[in-house]
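> Below are the sequence and a predicted model; questions follow.
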Amino acid sequence: MLTVFTHVATRKRVAYRRGIYLQASRIAGCIGSGEVRYTPVAWR
């Protein structure tokens, strides 16, 4: 079974593994740059 959800930052429907990668990149970017703004994913 393939889990697909909408990744809010990219506004694309992605599979679970790709979504985890995108979120990890986003979190690392927020930590590295000191950016406070973080957008979680929308599960559906």
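Done, it's in.
> Report the contact partners of the most centrally placed residue in the chain.
Nearest residue to the geometric centre of the chain (CA atoms, centre = their mean): residue 23, 3.3 Å. Neighbouring residues of residue 23 by CB atoms under 8 Å, 6 or more residues apart in numbering: 7, 41. All C-beta atoms are positioned from the backbone trio N, CA, C, and that covers glycine.
> May I have the phi/psi pair for it?
The phi and psi torsions at residue 23 (degrees, to the nearest 10) take the values phi -70, psi -40.
> What of residue 7?
phi -90, psi 110.
> so it sits right up against residue 19, yeah?
Yes: using CB atoms under 8 Å as the test, residue 7 is close enough to residue 19 to be in contact (5.5 Å).
> residues shared between the contacts of those two?
Shared contacts of residue 7 and residue 19 (CB under 8 Å, 6+ apart): residue 41.
> now for the lowest-mean-pLDDT helix or strand in the chain, which elements pack on it?
Within the chain, judged by mean pLDDT, DSSP states H and E, the helix or strand with the poorest mean is strand 4-7; its value is a mean of 81. For strand 4-7, the packing partners by 3 or more CB pairs under 8 Å, 6 or more residues apart in numbering; DSSP states H and E come out as strand 12-15, helix 16-33.
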